[in-house]
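Chemist: Give the three-dimensional model of this entry:
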Amino acid sequence: MLYASTGCFTLTVIMGVWLAIFAARYKRPFSFLTPVHVGSAIVGSVFLVIAISNGDSRLMLNVALAVAIAAFGVLMAFFRRRGAMIAPLYMCHILLAVMFYFSMVCFTIFPNFGLD
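Modeler: Coordinates of the predicted model:
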């Protein structure tokens, strides 16, 4: 399940970078980018919860990060629909996502990462 979750989050990262490029250019992204970004993050989160339910308790920090990332993403969407781009929201979303993704990759590639 951890490989599936990391794969979904890799797609999320790719779509997120593509969305960031559009945002930096002040252009509207392609209509499929946001749903794929959000959808792959949701599917990856489901796989993450399944991995935790199978006994991999090392991933609890990742769950907390995922909740925070999602909260910042919802706030970004809320303000974006009203025509505002609040840079600190974007930066918090991105920085937490980078920490989350590197942690996921480390747990996936190195099975003993985080164990005593």
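
Chemist: where does this structure have low pLDDT?
Modeler: 114-116 (pLDDT under 70).

Chemist: what's the helix or strand for the residue nearest to the spatial centre of the chain?
Modeler: Note on the chain: the residue nearest the mean C-alpha position is Ala97, at 5.1 Å, using Cα atoms, centre = their mean. Mapping Ala97 onto the secondary structure by DSSP states H and E places it in helix 87-109.

Chemist: Could you check how far that helix is from the centre of its chain?
Modeler: Its chain's C-alpha centre lies 7 Å from the corresponding centre of helix 87-109 when counted by Cα atoms, centre = their mean, to the nearest Å.

Chemist: Kindly report the same for stretch 21-41.
Modeler: Chain-centre distance of stretch 21-41: 13 Å, with Cα atoms, centre = their mean.

Chemist: So which bits of that stretch are buried?
Modeler: For stretch 21-41, the neighbour count (16 or more other Cβ atoms under 10 Å) marks Pro29, Leu33, Thr34, Val36, His37, Val38, Ser40, Ala41 as buried. For every residue, glycine as well, the C-beta is placed using N, CA and C.
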